[in-house]
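S.K.: Sequence and predicted structure are below.
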Amino acid sequence: MKRIITLPFLPQESVNPNEFKHIISQKAAIPLEDINTYRILKRTIDARQRKVVFHYTFEIYIHETPSVEKPYSFQYKNVINSKPVIIIGAGPAGLYAALRLIELGIKPVIIERGKAVEERKNDITAINRERKINPDSNYCFGEGGAGTYSDGKLYTRSTKRGDVHRILHILHEHGASEDILIDTHAHIGTDKLPKIISNIRNTILENGGKILFGHRVTDFILKGSNIHGVITNHTNEFTATAVILANGHSARDIYELLYNKKILIETKSFAVGVRLEHPQNLINTIQYHSPEINPYLPAASYSLACQSEGKGVFSFCMCPGGTIVTASTSENELVLNGMSNSQRNLPFANAGIVVTVDKSDFSEYKNAGELAGIKFQEYLERNAFIAGGSNYTAPAQRMCDFIEKKTSSSFSKSSYYNGLKSVALHELLPPFINKRLQEAFSVFNQKMKGFLTNEAIMLGVETRTSSPIRIPRDKETLEHIEISGLFPCGEGSGYSGGIVSSAIDGERCAEQAAKKLNS
């Protein structure tokens, strides 16, 4: 007999899997000798009550032996001589599209403007040590996409779009911890992701796929309303009758190319704001209801959202035990993001606190047409760069000082490597952003007592939460509604947000591209 049951575990009970069988027997009132074995299906932390517990969902086998078959089997074919599909971008959408094409017997040709993860790391290091931005290799561009050097968060609400478990199992097959298969809010960590990404690259290459690093797409080869390939910055032409556009949310040159060639794109809403950093111990105290450190609990996180005058204000990419990083993709612009390693054991917690914006908020850039949102981003990023001293130092203000419209006289330590400069963010940011942030902080403090504090530091600016552009596509075929054979895909095309949903979209676009190729 097989039973599925959810049981509460104290934090100290969760650290020794060798004792789980005995604990299951006691908590579920099942004789120990009757339990043949068990599987963990899901694990989540519950901090709603004073006593923090883990909820484990088990599949328990009573007098029964489970099947040894793997839940997923990935059959990659040799595609070296197969028909090609071009994939622009080697982020989650592009890499998963490539893997799916190989399963379908089609050769993926990935064109990536950035570098492989091993080389990309040197360019990221140079941002901090030399304050130098490589516009093609940075926190946003390069193999693995923006998520590789962030936190590797794997939570998604896109469960109806595709098989989330399949996406996670592919990561596990390529080296991710088994924990990602059971944790409700799974993450991998910046220290672990590069190796996993390089393993995925090897799978693609070993099965006949092709990856071209340092190749930035500069033009599309069009014949009427059909796409036939792309041209890169090396003046190379790559031809194919199907092109998957998985460019990521920061590839502004791609949006400009589409716009200039009169290929339909649309402005969409996105969100901008600040990076907010608290001491991790403070967040632990609030979330775990105790100032005492519990060594059996992970660094606490939070997820906050509210409405202010009809606009959403919410936390974004929350990184417990993490650091704030320079995520700029151009010189003379400052963009911030967060990252954390697998252990999440550093002394600070940070998150983007951002306000939803739409056309009505950047109407002054209407002459830029559908690129108006990008121009608004650039305006905020240039102002932040100048305000910080034009050397990637971040303009900063203590949280209560922001509310009281006071310039901060000093700062405690921060995780941001390039340093802080005291700036009146309430003057730097647009008034409608300030007002909504101030109202949201009050609401968030009601939800998390102690959240609004001068121990917290706001750093500017966070602007790359999602793409400011949507590239319209047919709901069934996923092709661009004007250009046959062009498949807008992933976060950069406005159809996903995060690693898992982007990977799902990559697989879906690969399947439709395969149909196009074989039709």
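M.R.: Ah, there it is.
S.K.: what about the residue nearest to Gly144 when sequence neighbours are not counted, which helix or strand?
M.R.: Take Gly144 and drop its neighbours on the chain: the residue closest to it by C-beta to C-beta, 6 or more residues apart in numbering is Ile197, 4.0 Å away. All C-beta atoms are positioned from the backbone trio N, CA, C, and that covers glycine. When elements are assigned from DSSP states H and E, Ile197 belongs to helix 193-206.
S.K.: one step back: quick one: the residue nearest to Gly144 from Glu59, how far?
M.R.: To Glu59, Ile197 is 31 Å away according to C-beta to C-beta, to the nearest Å.
S.K.: now swap in Gln307 and tell me
M.R.: Applying C-beta to C-beta to Gln307 and Glu59 gives a distance of 40 Å.
S.K.: go on, Asn199?
M.R.: Taking C-beta to C-beta as the measure, Asn199 falls 28 Å from Glu59.
S.K.: picking that back up, count of neighbours near the residue nearest to Gly144?
M.R.: Per other C-beta atoms under 10 Å, the neighbour tally for Ile197 reads 27.
S.K.: again with Asp123
M.R.: Other residues lying near Asp123 total 20 when counted by other C-beta under 10 Å.
S.K.: what about stretch 28-41, start to end distance?
M.R.: Length of stretch 28-41, first residue to last, C-alpha to C-alpha, to the nearest Å: 16 Å.
S.K.: Need the contact partners of that stretch.
M.R.: Residues outside stretch 28-41 that contact it (C-beta atoms under 8 Å, 6 or more residues apart in numbering): 3-5, 7, 20-22, 24-25, 56-66, 182.
S.K.: Counting only strands, which of the residues you listed make the cut?
M.R.: Among these, DSSP state E puts Arg3, Ile4, Ile5, Leu7, Tyr56, Thr57, Phe58, Glu59, Ile60, Tyr61, Ile62 in strands.
S.K.: Report the two of those separated the most.
M.R.: Distance extremes for these: the farthest pair is Tyr56 and Ile62 at 17.0 Å, using C-beta to C-beta.
S.K.: Least confident secondary structure element in this protein?
M.R.: Across the helices and strands of the chain, mean confidence by mean pLDDT, DSSP states H and E is lowest for helix 117-129: a mean of 94.
S.K.: Can you list the helices and strands that that helix packs against?
M.R.: helix 193-206, strand 323-326 (3 or more C-beta pairs under 8 Å, 6 or more residues apart in numbering; DSSP states H and E).
S.K.: With mean pLDDT and distance to Glu364 as extra columns, can I get the ones you listed in a markdown table?
M.R.: Shown next, in a markdown table, are the helices and strands packed on helix 117-129 (pLDDT from 0 to 100; distance: least, C-beta to C-beta, whole Å):
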| stretch | mean pLDDT | distance to Glu364 |
| --- | --- | --- |
| helix 193-206 | 97 | 39 |
| strand 323-326 | 97 | 27 |
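S.K.: Out of these, which is the most enclosed?
M.R.: The highest mean neighbour count among the helices and strands packed on helix 117-129, using mean count of other C-beta atoms under 10 Å, belongs to strand 323-326: a mean of 24.
S.K.: thinking again about what came up before, just the buried ones out of the ones in strands among the contacts of stretch 28-41, please.
M.R.: When the ones in strands among the contacts of stretch 28-41 are checked for burial by 16 or more other C-beta atoms under 10 Å, the buried set is Leu7, Tyr56, Thr57, Phe58, Ile60, Tyr61.
S.K.: Quickly note the distance from the fifth one to Ile403.
M.R.: In other words, Ile60. In this view, Ile60 and Ile403 are 52 Å apart by C-beta to C-beta.
S.K.: mean confidence score for stretch 368-388?
M.R.: Averaging pLDDT along stretch 368-388 gives 98.
S.K.: what sits up against that stretch?
M.R.: For stretch 368-388, contacts defined as C-beta under 8 Å, 6+ apart pick out 252, 255-256, 259, 265-268, 270, 272, 328, 330, 332-335, 357, 359, 361-363, 365-366, 392, 394-395, 421, 423, 428-429, 460-461, 463-464, 468-469.
S.K.: List the buried residues of that stretch.
M.R.: Buried residues in stretch 368-388, defined by neighbour count with 16+ other C-beta under 10 Å: 368, 370-381, 383-385, 387-388.
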